[in-house]
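Q: sequence? don't have it. structure:
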């Protein structure tokens, strides 16, 4: 019976053990050429740094109104391409807690006239843990609240390895109990 108790305690500990997942911030790069911007649109998570590289022959200024109050919150000047310095690039951090999920316009000015408008979609990097039973990795959902405020109602079916693991655990418990009764 002591084997059964030890096995049961071990299984309970494993089942309630928390999973830990983390990831770092990422960078997303844009290249401002003389005639084009690559990529031409972006869907990013907060805590991402946008890097604009100016490889054109003229100054470019990146402007953004983050809080949508009509006043530019970001204004970043890039000089023409220069291999010996980093003045030809601009870094903008999508800071968690400052940016809200939604659509943003990134206005790129070329010598004080509008050159390009980049459509940017920002999603919040929300991880919601749904179960600790997923032993092969965390079972979390990312960005359940969509940009329009609706819920993502996708449900994930139980994974086959979870069923197999559950059957093996129950069979092991039953065999241990039966063996303890016979030996007992």
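A: Cool, got the structure. What you see is a predicted model; the values in this text were computed from it and never measured.
Q: Closest to the centroid, which residue in the protein?
A: Central residue check for the chain by CA atoms, centre = their mean: the C-alpha nearest the mean position is that of residue 125, 4.6 Å away.
Q: Would you agree that residue falls within a helix?
A: No - counting by DSSP: H, G, I helix; E, B strand; the rest coil, one finds residue 125 to be coil, located in no helix.
Q: Without its sequence neighbours, what residue ends up closest to it?
A: Distance criterion CB to CB, 6 or more residues apart in numbering; nearest residue to residue 125, sequence neighbours excluded, is residue 45 at 4.3 Å. Bear in mind the C-beta positions are built from the backbone N, C-alpha and C, glycine included.
Q: so who does residue 32 touch?
A: 52-56, 60, 78, 108, 116 (CB atoms under 8 Å, 6 or more residues apart in numbering).
Q: What's the separation between it and residue 114?
A: To residue 114, residue 32 is 13 Å away according to CB to CB, to the nearest Å.
Q: shared neighbours, the two?
A: residue 108.
Q: Confidence-wise, which helix or strand of this structure is lowest on average?
A: Ranked by mean pLDDT, DSSP states H and E, the weakest helix or strand in the chain is strand 139-142, scoring a mean of 51.
Q: Surely the residue nearest to the centre of the chain is in contact with residue 94?
A: No - the criterion here is CB atoms under 8 Å, and residue 125 misses it with residue 94 at 9.4 Å.
Q: Residues in contact with both of these two, list them for me.
A: By CB under 8 Å, 6+ apart, the residues touching both residue 125 and residue 94 are 45-47.
Q: Same list (these) but as CSV, adding neighbour count.
A: Converted to CSV, the shared contacts of residue 125 and residue 94 look like this (neighbours: other CB atoms under 10 Å):
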residue, neighbour count
45, 20
46, 19
47, 17
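Q: nearest to residue 166, of the residues you listed?
A: residue 45 (33.8 Å; CB to CB).
Q: Tell me the bridge partners for residue 121.
A: residue 43, residue 103 (DSSP bridges).
Q: now residue 32
A: Beta-bridge partners of residue 32, as defined by DSSP bridges: residue 37, residue 54.
Q: For the residue nearest to residue 29 when sequence neighbours are not counted, the count of nearby residues, please.
A: Excluding the flanking residues, the one nearest residue 29 by CB to CB, 6+ apart is residue 51, at 4.8 Å. Neighbourhood size, residue 51 [other CB atoms under 10 Å]: 14.
Q: May I ask you to confirm that residue 51 is in contact with residue 42?
A: No - counting by CB under 8 Å, residue 42 is not a contact partner of residue 51; they are 11.5 Å apart.
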